[in-house]
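# Next come a sequence and a model predicted from it.
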Amino acid sequence: MLIFSRYTWWVGAMVGLAILLAVAGQVGLLKPFQGLFLTVESPVDHVLTGVFQPVATFLSNAGNINSIESENRKLRLQNEDLQNRVTQLKQDSARVTELEQALNINQGAGGGVRVAANIVNRESTPFTDVIAIDRGAHDGIKNGMVVLSSQGSLIGTVTTTFPGSSFIRLITDSKSKVAAQILNSATDGVIQGSANRTLTFTLGTGNIKVGDTIVSSGLGGNYPAGLPIGTVSEVSGSPEDLSPKVKVEPMVRLSTAQTVLVLTSFIPQRIGVQGQP
Amino acid sequence: MRVIVYCVNLVLLALAQVAIAPLFPLGGAIPDLALIGILALALYEGPHPAMVAIPVLALLIGFGTDRSPSLLLLAYLPVLPLAFFLATAGLPLNRYAQASLTAVIGGMAARFFLALGPLTQGAAFSVGGLTKDLLLPGAFLDWALLTAAFIPLRFLGREASRLTLSRSSY
C-alpha cells in the first residue's frame, strides 16, 4: 500500500471504472459508441495506413533481403510451373465446355457473391491476429461470414460487425480452427492457428508430405469446401505417432495483404443456426 | 484552450496507436505509443493530465482495435504508481533511468496483462511466444521509443516534473 499511498483513490476509481466498462461491454452498451467512433476513425485510419504502409514494407523488406531474393527465385520457378498448368487447364476447360455442349449439360456458375473491403487496421500479437475492414452490416456483412484474400484463399472469419466496419479473426489467430483436408487425398484434419501467428494441421493421419496443398473440407458447415488455405511446410514426429506435427505456410502473406473479400453468398452453419426461429 | 489541445493530442495518439503502430512490429510486439505518451505526459506536464489520459486512451484504443477497454485500462493502471514509486524510493537513478525503468517494467506488465485476455478465451499458451516474441521485443521498443522522445526534449531544455501528488488535490 505504501507504493499506492498517494494514488490510492485514483487507482480505486479506475478499477471501478474498469468494472463498469466490462459490464457495459458485456451488455452491449458500448457498441453504439464504438460504431460511431469507427465510422469517424475508419477513413483517417485508411489514410494513415496508406501513408505509413510503404515505409513499413520497405523497413520489413530491408531486414529480409536475402530471404526475399531466395523467395523470389522460388516464386519465379513456381510461376513458370503455374503458367504451364494454367495453359493446360484452359485447354481442358475448353474441351469440357465442348463436351458439355455436345451432351447438353448446364453447369451452375460458381464463385458466389463477394464484397471487397480494405484492411484499415491490424492487431497482431503472438496470441491474437485480428484485422479491421472498412465494410460492415450496411454492406450485408454478418458475424461468422467467411473472408478470403483477393486471390480467393481463406484468411479468416468475421467476428464483430458495425454499420460501416467489421473485425476479422484471421486463421493464424490462436483461437481459430478450420476443418481442412489435404487436396486430392482422404486426409482430414483441423487447421489451427498457434502462438506466433503460425498454422498447424492437426488430427491428420496418412501420408502427408511437404508441399501438399491444404484446403477447407467444408465439414461442420462453417466454411465452403475447397477454399485454399496453405501448403505443408514441415512434417515432424515419429512414424509411431498417430498424427504427425504438420506446419502449414498460408497461401497469402497475411501481413502485407491490403484488400480482402467477404463471401456474403455463403451462409455458414453458425449464422444459419442463429437465424432459425 | 489547453484542454482542447490535450483532447486533440489524445485522439491523435490513439489513432497513431491503432493505425500506425501495428505496421512496425518487432517480433510479436508492436510499439506502445500510448504508454510512452502517458509517461511523457506525466513527466513533462505532471501526473494529473496523465491520470485523465489513461482511461480516455483505454477507451479510444479499445474502440479502434476491438479490445476490451476495461482490460486496456487495467493494463495501463500500474504505470503511474510505478513511476511514482521509482521517483520517491530513493534509488540512485536519474530521471532518464527512472523513466526508462518505468517504460520497460510498465510496458511488460501492460503487454502481459493484455495477453491474458486472449489466453483466458482459449488461445494456445506458449512461454516462448510470451517472453521471446512479446515481452522482450516490447521492452526494447518501449525503451527505444522513450529514449527517442526523452533525449531531444532534454536538449530542448524541457525538464521532467515530479510525479508526486499534492495532498490538497485528494
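Perfect, I can see it now.
# how far away is residue A:58 from residue B:111?
26 Å (CB to CB, to the nearest Å). From N, CA and C alone the C-beta is placed, and that goes for glycine too.
# These two: who's more crowded?
residue B:111 (25 against 9; other CB atoms under 10 Å in any protein chain shown).
# Contact partners for residue A:44?
B:15, B:19 (CB atoms under 8 Å, 6 or more residues apart in numbering or on different chains).
# could you point out which element follows the one helix or strand it maps to?
According to DSSP states H and E, residue A:44 maps onto helix A:31-63. Using DSSP H and E, the helix or strand that follows helix A:31-63 in sequence is helix A:65-103.
# That next one versus helix A:31-63: what angle between them?
Angle, helix A:65-103 to helix A:31-63, by axes from the mean of the first three to the mean of the last three CA atoms, to 10 degrees: 110 degrees.
# starting at the chain centroid, how far to helix A:65-103?
With CA atoms, centre = their mean, to the nearest Å as the basis, helix A:65-103 stands 24 Å off its chain's centre.
# With stretch B:40-51 instead?
12 Å.
# Return the set of buried residues in that stretch.
B:40, B:41, B:42, B:43, B:44, B:46, B:47, B:49, B:50, B:51 (16 or more other CB atoms under 10 Å in any protein chain shown).
# For the residue lying closest to the first one once chain neighbours are set aside, grab the count of nearby residues.
Using CB to CB, 6 or more residues apart in numbering or on different chains and skipping residues adjacent in sequence, the residue nearest residue B:40 is residue B:149, 5.6 Å away. Neighbourhood size, residue B:149 [other CB under 10 Å]: 19.
# How about residue A:267?
Neighbours of residue A:267 (other CB under 10 Å): 15.
# hang on, it in a helix?
No: under DSSP: H, G, I helix; E, B strand; the rest coil, residue A:267 falls outside any helix and is assigned coil.
# what's the spacing between it and residue A:223?
12 Å.
# ok, back up a step: I'd say the residue nearest to residue B:40 and residue B:38 touch.
No: if you go by CB atoms under 8 Å, residue B:149 and residue B:38 don't touch, sitting 11.7 Å apart.
# Poorly predicted segments of the chain, please.
Unless you meant another one, I'm taking chain A. Within chain A, the stretches with pLDDT under 70 are A:1-6, A:104-111, A:195-197, A:238-242, A:255, A:270-277.
# switch to chain B, that's the one I care about
Checking chain B against pLDDT under 70 turns up B:160-170.
# what helix or strand is the residue lying closest to residue B:6 once chain neighbours are set aside on?
Leaving aside its sequence neighbours, residue B:6 sits nearest to residue B:49 (CB to CB, 6+ apart; 6.1 Å). Secondary-structure element containing residue B:49, defined by DSSP H and E: helix B:47-65.
# what does the following helix or strand past that helix rub up against?
Sequence order places helix B:69-76 as the next helix or strand after helix B:47-65, per DSSP H and E. Contact with helix B:69-76 is made by A:14-15, A:17-22, A:25, A:30, B:34-35, B:38, B:54-55, B:57-59, B:61-63, B:106, B:109-111, B:113-114, B:116-117, as judged by CB under 8 Å, 6+ apart.
# quick one: buried residues of helix B:69-76?
B:69, B:70, B:71, B:72, B:73, B:74, B:75, B:76.
# Helix or strand next in line after that helix, which one?
According to DSSP H and E, the helix or strand after helix B:69-76 is helix B:79-88.
# Contacts only, for the residue nearest the centre of chain A.
Computing the C-alpha centroid of chain A and ranking residues by CA atoms, centre = their mean puts residue A:155 first, at 1.9 Å. Residues near residue A:155 by CB under 8 Å, 6+ apart: A:147, A:148, A:149, A:168, A:170, A:171, A:250, A:252, A:254, A:257, A:260.
# For the fourth one, give me its contacts.
For residue A:168, the contacting residues are A:130, A:131, A:132, A:133, A:147, A:155, A:156, A:157, A:158, A:159, A:260, taking CB under 8 Å, 6+ apart as the criterion.
# number of nearby residues for residue 97?
All of this refers to chain A. Residue A:97: 12 neighbours (other CB under 10 Å).
# other chain: chain B
Counted with other CB under 10 Å, residue B:97 comes out at 12.
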